[in-house]
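>>> Quick check, what structure comes out for this input:
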Amino acid sequence: MMRRVDAGDFDVIVARHMDRLLRRLSEFESVLERCQKVGAAIVTAADGVDTSTDGGRLVARILSSVAQGEVERKGARQRSAAVQAAQQGRWVGGRRAFGYEQDGVTIRDSEADLIRVGFADVMAGESLGEIARRWTASGLPTSQGRETWSRGAVKDVLTNPRCAGLRRYRSVEDRAAIRQNPELGITGTAEWPAIVDEATWRAAVRILCDPGRYRPAKWGKGLLTGVAVCGECGAAVHRGGGYSREVPTYRCTSGKHFARKADPVDEYITMITIGRLTEPDAAALWSADLPDAADLMAQADILRRRRDDIALDYADGVMDRQQFRAANERVLTKLADVERQIAAAGTSSPLSIVAADDVAATWDTLSVAQRRGIVAALMTPVLHRPGRGARDFRPETVDIRWKGQNR
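Coordinates of the predicted model:
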């Protein structure tokens, strides 16, 4: 419409009310200026506005200011209601979340099972790309109906606190920060049931949001990639093509000390690992001395309520600004510490994956990333030169440095 006003096609713009034409004073001034340039007037049927007169322009400005004030008050009420709903853990509608029905509080079992497997894969060191491929292969579409899962879509699901039964308030100003750190903005427990416990969710978020998580694809193929080290210089080992493209080879990342066939080394490390996990004391390997996650989550809820009480006391004038800042800082510091402990409690050892009667059979079902996580939890393999002209694998060219009390 304004393009035609600028072109001089109209002499008068007629609206029933001024607030049906525009709602902000800044918009009114811009529209009025453009109308005056071409000699057009704004007239309203119900308000009696006529901008061809100075009195009419005054009334129009007043009505625009009133309309803008109503918009701002409405926005403030909506924000207040959203904050209150978040603090109460209520579902207020919106797009269906993956893992839940449209009502927002009922778990959709088929999707929830996929989410639980996804969390287990993250804890085992699987990449988002691989998880996305598995979710696509499952045949379950995204909540928007897309049949192909992307890395970003998987990450959005797994980093959503809803999965842990937590409620979050996300203001427009906080969205960018929450995108970087999904643990921000948590207001407490939600009314819907959790798919995974809070400790598992926080641990997975720490893993997925770790800036150092990304590795180029070629670094993630071998069982010992990033786990084994060179016996000459201590540099990390990676797997790539060797004597021919068909022969997987481990190399020192310095490129100076060795290149040896990967498969015999993998077979040897697999034999050592399974052997260790079938020994009588193997159960102790996955009974890590971790804090009680349930107790920590109860502490976190108490601290969140205390944080909210402090804000109410400040709003009611019970404490001044200095007292509020001091008290709030103490509570937030304690809450951050408890949340770190919750994340640590959720990062269970990958050794728990093989807490089974038949370790060898379980091992065969695991992905390379899961196996790599188990090896890394147990040992640091040290690879040496295989020896000039060596055709057969020699165990003495691979040292095992056991970690902690694993041996």
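
>>> what about the longest helix in the chain?
Determined from DSSP state H, the single longest helix within the chain is helix 54-87.

>>> got the buried residues for that helix?
56-57, 59-61, 63-64, 67-68, 86-87 (16 or more other CB atoms under 10 Å). Glycine gets a C-beta too; all of them are placed from N, C-alpha and C.

>>> Now the one helix or strand residue 42 maps to - C-alpha only, CSV.
With the criterion set as DSSP states H and E, the secondary-structure element containing residue 42 is strand 41-44. Listed next in CSV are the C-alpha coordinates belonging to strand 41-44 (Å, rounded to 0.1, in the frame of the first residue of the first chain):
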residue,chain,number,x,y,z
ALA,A,41,-4.4,12.3,4.4
ILE,A,42,-5.1,9.6,7.0
VAL,A,43,-8.8,9.5,8.1
THR,A,44,-10.4,7.1,10.7
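
>>> Pull out the buried residues from it.
Residues of strand 41-44 classed as buried by neighbour count (16+ other CB under 10 Å): 41-44.

>>> swap in stretch 385-400?
Using 16+ other CB under 10 Å as the burial criterion, the residues of stretch 385-400 that qualify are 386, 397-398, 400.

>>> now the end-to-end length of it.
Across its full length, stretch 385-400 reaches 15 Å between end residues, using CA to CA, to the nearest Å.

>>> Quick one: residues in contact with it.
Contact partners of stretch 385-400, identified using CB atoms under 8 Å, 6 or more residues apart in numbering, comprise 231-232, 257-258, 260-261, 264-265, 267-269, 272, 379-384.

>>> Repeat that for stretch 113-129.
Stretch 113-129 is touched from outside by 98-99, 130-131, 134-135, 138, 140, 151, 154-155, 157-158, 163, 195-196, 200-201, 203-204, 207-208, 220, 347-348, 350, 353, 366-367, 369-370, 372-373, with contacts defined as CB under 8 Å, 6+ apart.

>>> Let's see which of these end up in helices.
Using DSSP H, the members of those that fall in helices are 130-131, 134-135, 151, 154-155, 157-158, 200-201, 203-204, 207-208, 369-370, 372-373.

>>> Apart from its chain neighbours, what residue comes closest to residue 383?
Here the nearest residue to residue 383 in space, its sequence neighbours aside, is residue 228; by CB to CB, 6 or more residues apart in numbering that works out to 5.3 Å.

>>> Number of residues surrounding the one you found?
Neighbour count of residue 228, defined by other CB atoms under 10 Å: 26.

>>> Tell me which residues touch it, please.
Residues counted as contacts of residue 228 (CB under 8 Å, 6+ apart) are 236-237, 250, 265, 380-383.

>>> Could you tell me which of those belong to strands?
Counting by DSSP state E, the members of the contacts of residue 228 that fall within strands are 237, 250, 380-383.

>>> on that earlier part again, list only buried entries from the contacts of stretch 385-400.
Burial by neighbour count, 16+ other CB under 10 Å: within these this picks out 231, 257-258, 260-261, 264-265, 268-269, 272, 379-384.

>>> Widest-spaced pair of those?
257 and 272 (22.4 Å; CB to CB).

>>> in what helix or strand does residue 30 lie?
If you go by DSSP H and E, residue 30 is part of helix 25-38.

>>> Give me the distance from that helix to the chain's centre.
Averaged C-alpha coordinates place helix 25-38 at 45 Å from its chain's average position (CA atoms, centre = their mean, to the nearest Å).

>>> just the angle between it and helix 54-87, please?
Here helix 25-38 runs at an angle of 150 degrees relative to helix 54-87 (axes from the mean of the first three to the mean of the last three CA atoms, to 10 degrees).
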